[in-house]
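Student: sequence below, structure please.
(chains A, B, C and D)
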Protein chains: 4
Amino acid sequence: MRIGFIGLGNMGAAMAANLLAAGHDVTAYNRSPDKVAALAGQGAHPAATVAEACRGDAVVTMLANDAAVEAITFGANGILAELPAGATHISCSTISVELADRLADRHAEAGQQFVSAPVFGRPEAAAAAKLFVVAAGAPAAVEAMTPIFDAVGQRTFVLGEEPRAANLVKISGNFLIASVIESVGEAMALVGKAGVDKQQYLELLTSTLFDAPVYRTYGGLLARGEFTPAGFAASLGLKDVKLALSAGEALQVPLPVASLLRDRFLTLLATGGGELDWAAVGALSAWESGADHPA
Amino acid sequence: MRIGFIGLGNMGAAMAANLLAAGHDVTAYNRSPDKVAALAGQGAHPAATVAEACRGDAVVTMLANDAAVEAITFGANGILAELPAGATHISCSTISVELADRLADRHAEAGQQFVSAPVFGRPEAAAAAKLFVVAAGAPAAVEAMTPIFDAVGQRTFVLGEEPRAANLVKISGNFLIASVIESVGEAMALVGKAGVDKQQYLELLTSTLFDAPVYRTYGGLLARGEFTPAGFAASLGLKDVKLALSAGEALQVPLPVASLLRDRFLTLLATGGGELDWAAVGALSAWESGADHPA
Amino acid sequence: MRIGFIGLGNMGAAMAANLLAAGHDVTAYNRSPDKVAALAGQGAHPAATVAEACRGDAVVTMLANDAAVEAITFGANGILAELPAGATHISCSTISVELADRLADRHAEAGQQFVSAPVFGRPEAAAAAKLFVVAAGAPAAVEAMTPIFDAVGQRTFVLGEEPRAANLVKISGNFLIASVIESVGEAMALVGKAGVDKQQYLELLTSTLFDAPVYRTYGGLLARGEFTPAGFAASLGLKDVKLALSAGEALQVPLPVASLLRDRFLTLLATGGGELDWAAVGALSAWESGADHPA
Amino acid sequence: MRIGFIGLGNMGAAMAANLLAAGHDVTAYNRSPDKVAALAGQGAHPAATVAEACRGDAVVTMLANDAAVEAITFGANGILAELPAGATHISCSTISVELADRLADRHAEAGQQFVSAPVFGRPEAAAAAKLFVVAAGAPAAVEAMTPIFDAVGQRTFVLGEEPRAANLVKISGNFLIASVIESVGEAMALVGKAGVDKQQYLELLTSTLFDAPVYRTYGGLLARGEFTPAGFAASLGLKDVKLALSAGEALQVPLPVASLLRDRFLTLLATGGGELDWAAVGALSAWESGADHPA
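Tutor: Sure thing, here's the model as predicted:
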């Protein structure tokens, strides 16, 4: 397929590389052009403008937040203006339900397809094409984009015709990850202060009821106190918890653990930890118990 | 081995049956004698008193809470008075760190061994001899009791010489389970109110980062709204969260998620859900969002 | 003074009436014109458009939220376009710090004055000209508007040159009121369930350390379970708590009590209490304890 | 009246001095005898044992916690054993509802009277005989003790025949004070970080809806960052919040603000602030926002 790819951060660069590796024809755009050059070395066509990335069958966006997606899509010479009728915009970014609705509406008005396809996985998983893709949109459009999902992920879950459902599930999933970070952080503060070895504790957890990647990954970061370099920065974690709270407001669903997490992330940012991996919120319990701050 | 077994509730009856199945000579005691009769049908010697269950190499207690363990151990004609010097008291109950310390001290004074060996797993796992055993105590004593652990569980973790460490880890583990119940309950309230199918959502979670028994078990109960019969009653869940909070107080470790859980369990009990499975605390978010109460 | 007044809800109608009573020349505008007619009966000039309310020395806005203030100010034929250079826009609404900044900037660009002057007090206090006014803006502008503040309130606090400071203080004040509602609600749930008379309890509180209007007003509503008619609706309470959280985010200040309140208000709205007085959030503790829901 | 007085801490010494000043015949006992000598200088009879303080019409206890009251009352040669039949034990300490019940039962069995009479007020108020007394017990006994209440306080509230009601109200009152500390601390962290002067902010609050001693006292300590010497130590604050939580458990009333406060106090203690005034919990919000820790 001819694919445009916009957004070459940690995650996007790896995903675009996997599209190339799978034999796709990729035209890449990034706000800072040095990332484009790196990908061009792997076979991508460099794009100097968003418009140049909009000349294929699909354009994928993998950007940091709502504002970035809005700017690239709705701005002058943005995707909405440049993408041919019938082509598809695949949004892989973690964005709000509200923006997903707006994207779906506007692209439909313009005769374009829109598919929400946020992904689960950290940069390592992106590099290994082991992401999980959660896709939603018009069935024919989702079906047609399958080669893209297959190239970047290990499995794709299709959630129906409303793109917003995929975004809500992604937001709720990130909330669940953050919940694990917080609760394991509290448990490790407790057993750690009593002298139990954190690595042995983690091994026990992950050998029994908690035998899941989320405990191995984040429990490991917490047991080792390893918060740099950030695979996913605390400031992005705050953004995602706020997306969950905002979705909860729209649906009138109180989320007390998300409220706690929001306060935790604000504390981490206000005390110098905004650049740390978001796993560092799990170290605040130990800090409150008298240990050093993670930053 | 000649083993006494005290406490034939859902969990204890299954564990004692597995000791019998493994060829051990088991003498069983329970406060209400009908449970003893049932086990006698499987080959156990019935004991009419605690003392009769204290005549072997070891006596296992599997009781509901601190008060029950204190009564059976320190009461008149209790374990402390009746167990021969050199024999071992294995406490599998989920009890406080403080009581574990007291049991260790008193048994040592009496020339008896004490091993803390709480277990992870619900009644189904107990019946299948698939529990996880977390053991701590004098190395020789723990080693000598290995046949017992092997008969009831699929794996044993040894945590050092201080019995209390095993209890703290068990308490923290139950706290982590309750944290999963709460966070998955919040996430399901959110996506469910948006119309996402809860079973499909759970399958997505447990196929990806959350591929662990704790998510499958409790996520399944929540997705199906299946809170009776209780594998582990909400009132016991409150007890365990309070043990975590109490351990946190002794160590000066604040545990905000445990504080939230305590309030949740009190709400569930006060609104008629004390007999439900503790998974029902995860249904309170949906209740607060306008759905029916789980009771 | 010649004063335009925009927004004739419970609060605004009473404030405008007091301006008339103090001898000012008031031109009144409201989206639904029947409220204008009522005030015209008290001597106000009816305005059919925002523009007609912008022909005096000052225009006061008393509107429900940011969106309403934005629409009236920045919309076509809005205040910004219609107010003469040198005249003053006094914003009495409870709005976000961010909007206050924007209003200050835009009015300055247009050669107009802008003063933030949010008020404390419920409709009864507004009717009695007993509001407390918190004003901030250019000193000369604030000084010139003193007759307006004197006509509607019992005392004015001047907080400096930055309008935003007045809004932040107002937001924080409403947060403190909501905190009192919540904590008194919890305390009454506790003593009430033990059989202590709530009115006697309240008298004890307000005769001692808690001898303040906020306890008398909201404690009284809670003791009597009197949530209709709403002096200030729960949905507006949610709005104000969100303003506090939003200000906290901008300044990186976690506010755990505000987070709790947000969840409480969402619960109240989701369970049918959005039209109740915001004091009803204080009744949720009793609901969680087994009593009836306030709605 | 002939009165025994047991417990000469900050509060008790001032109360005993006021009893002397009112003309009563006071026999004073304290665990560390130097405090007794100081009071003897003001006219008290020194008691070397609890028994010597039990020879009048009434004995007042003003002690730190449940354990101290239990030891003095139920211990060998304690109040229960030494107080004459018909004489009255007045417990002014902040103790648990459960202990109040036990005291009432045991004194009744011994033919003695028991009155719960906890007090509101800090050491300054105790010194000025300006405490508020909350009394409950058999009407005749409460009536007979009025001269004592009048000598130490400015007003007495009588809550009925069950001593426990007075203790529950006292516990809930301390919870409300701590709630004010927390919420004002959050609000000051917010406005303070925006540059608003905290003293001016407090003056605004206490001139308007929040015109109550609790805001003046604790708001003042927070605005000035004045946490030593402790009028009431953080460690005692934790004790009282735990009494509220414990009462809530017994009655099945969740108290989310109390849960938050418990975590706050634990944090303060774990990070070196156990000796500070309990107002310092209100400074943790600023600490989380990047300011210095109060200790």
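Student: quick one: the helices in chain A?
Tutor: A:10-21, A:34-40, A:66-74, A:79-82, A:97-109, A:123-127, A:139-144, A:146-152, A:163-193, A:198-207, A:213-224, A:234-251, A:256-270, A:284-288 (DSSP state H).
Student: Serialize the ones you listed to JSON lines and add fields for mean neighbour count and distance to chain D.
Tutor: To be clear about C-beta, it is placed using only N, CA and C from the backbone, and glycine gets the same treatment. Putting these into JSON lines (neighbours: other C-beta atoms under 10 Å in any protein chain shown; distance: least, C-beta to the nearest C-beta, whole Å) gives the following:
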{"stretch": "helix A:10-21", "mean neighbour count": "23", "distance to chain D": "28"}
{"stretch": "helix A:34-40", "mean neighbour count": "17", "distance to chain D": "33"}
{"stretch": "helix A:66-74", "mean neighbour count": "19", "distance to chain D": "24"}
{"stretch": "helix A:79-82", "mean neighbour count": "20", "distance to chain D": "38"}
{"stretch": "helix A:97-109", "mean neighbour count": "19", "distance to chain D": "27"}
{"stretch": "helix A:123-127", "mean neighbour count": "18", "distance to chain D": "29"}
{"stretch": "helix A:139-144", "mean neighbour count": "16", "distance to chain D": "43"}
{"stretch": "helix A:146-152", "mean neighbour count": "20", "distance to chain D": "39"}
{"stretch": "helix A:163-193", "mean neighbour count": "26", "distance to chain D": "9"}
{"stretch": "helix A:198-207", "mean neighbour count": "19", "distance to chain D": "18"}
{"stretch": "helix A:213-224", "mean neighbour count": "20", "distance to chain D": "18"}
{"stretch": "helix A:234-251", "mean neighbour count": "22", "distance to chain D": "14"}
{"stretch": "helix A:256-270", "mean neighbour count": "26", "distance to chain D": "4"}
{"stretch": "helix A:284-288", "mean neighbour count": "26", "distance to chain D": "4"}
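Student: which of those sits closest to residue B:162?
Tutor: Taking C-beta to C-beta, helix A:163-193 is the member of those nearest to residue B:162, at 12.1 Å.
Student: what mean pLDDT does the closest one get?
Tutor: The pLDDT scores in helix A:163-193 average 98.
Student: got the angle for that helix vs helix A:213-224?
Tutor: 40 degrees (axes from the mean of the first three to the mean of the last three C-alpha atoms, to 10 degrees).
Student: got the domain ranges for chain A?
Tutor: Listed by automatic domain parsing, the domain ranges of chain A are A:2-161, A:168-288.
Student: rebuild those domains as CSV, extending it with distance to residue C:166.
Tutor: Putting those into CSV (distance: least, C-beta to C-beta, whole Å) gives the following:
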stretch, distance to residue C:166
domain A:2-161, 29
domain A:168-288, 24
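Student: so residue A:5 touches residue A:24, yeah?
Tutor: No: contact between residue A:5 and residue A:24 fails when scored by C-beta atoms under 8 Å: they sit 9.3 Å apart.
Student: neighbour count: these two, which is higher?
Tutor: residue A:5 (32 against 21; other C-beta atoms under 10 Å in any protein chain shown).
Student: against chain C, how distant is the closest residue to the more buried one other than its chain neighbours?
Tutor: Excluding the flanking residues, the one nearest residue A:5 by C-beta to C-beta, 6 or more residues apart in numbering or on different chains is residue A:16, at 4.3 Å. Counting by C-beta to the nearest C-beta, to the nearest Å, the separation of residue A:16 from chain C is 33 Å.
Student: give the contact list for residue A:16.
Tutor: Contact analysis of residue A:16 by C-beta atoms under 8 Å, 6 or more residues apart in numbering or on different chains lists A:5, A:8, A:26, A:28, A:39, A:44, A:60.
Student: with respect to chain D, which of the residues you listed is nearest?
Tutor: residue A:8 (33.1 Å; C-beta to the nearest C-beta).
Student: isn't residue A:264 up against residue A:281?
Tutor: Yes: in terms of C-beta under 8 Å, residue A:264 counts as a neighbour of residue A:281; the distance is 4.6 Å.
Student: let me see the contact set for residue A:157.
Tutor: A:132, A:133, A:134, A:135, B:204, B:207.
Student: show me what it is bridged to.
Tutor: Taking DSSP bridges as the rule, residue A:157 bridges to residue A:134.
Student: re the thing from before, make a markdown table from the helices of chain A and add distance to residue D:165 to it.
Tutor: Formatted as a markdown table, the helices of chain A follow (distance: least, C-beta to C-beta, whole Å):
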| stretch | distance to residue D:165 |
| --- | --- |
| helix A:10-21 | 61 |
| helix A:34-40 | 70 |
| helix A:66-74 | 54 |
| helix A:79-82 | 68 |
| helix A:97-109 | 50 |
| helix A:123-127 | 60 |
| helix A:139-144 | 65 |
| helix A:146-152 | 66 |
| helix A:163-193 | 36 |
| helix A:198-207 | 46 |
| helix A:213-224 | 47 |
| helix A:234-251 | 40 |
| helix A:256-270 | 32 |
| helix A:284-288 | 36 |
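Student: list the contacts of the nearest residue to residue A:240 once chain neighbours are set aside.
Tutor: Leaving aside its chain neighbours, residue A:240 sits nearest to residue A:174 (4.3 Å; criterion: C-beta to C-beta, 6+ apart). The contact partners of residue A:174, taken as C-beta under 8 Å, 6+ apart, are A:94, A:237, A:240, A:241, A:243, A:244.
Student: just residue A:36 next, same as before
Tutor: Going by C-beta under 8 Å, 6+ apart, the list of residues near residue A:36 reads A:8, A:28, A:29, A:30, A:44, A:46, A:47.
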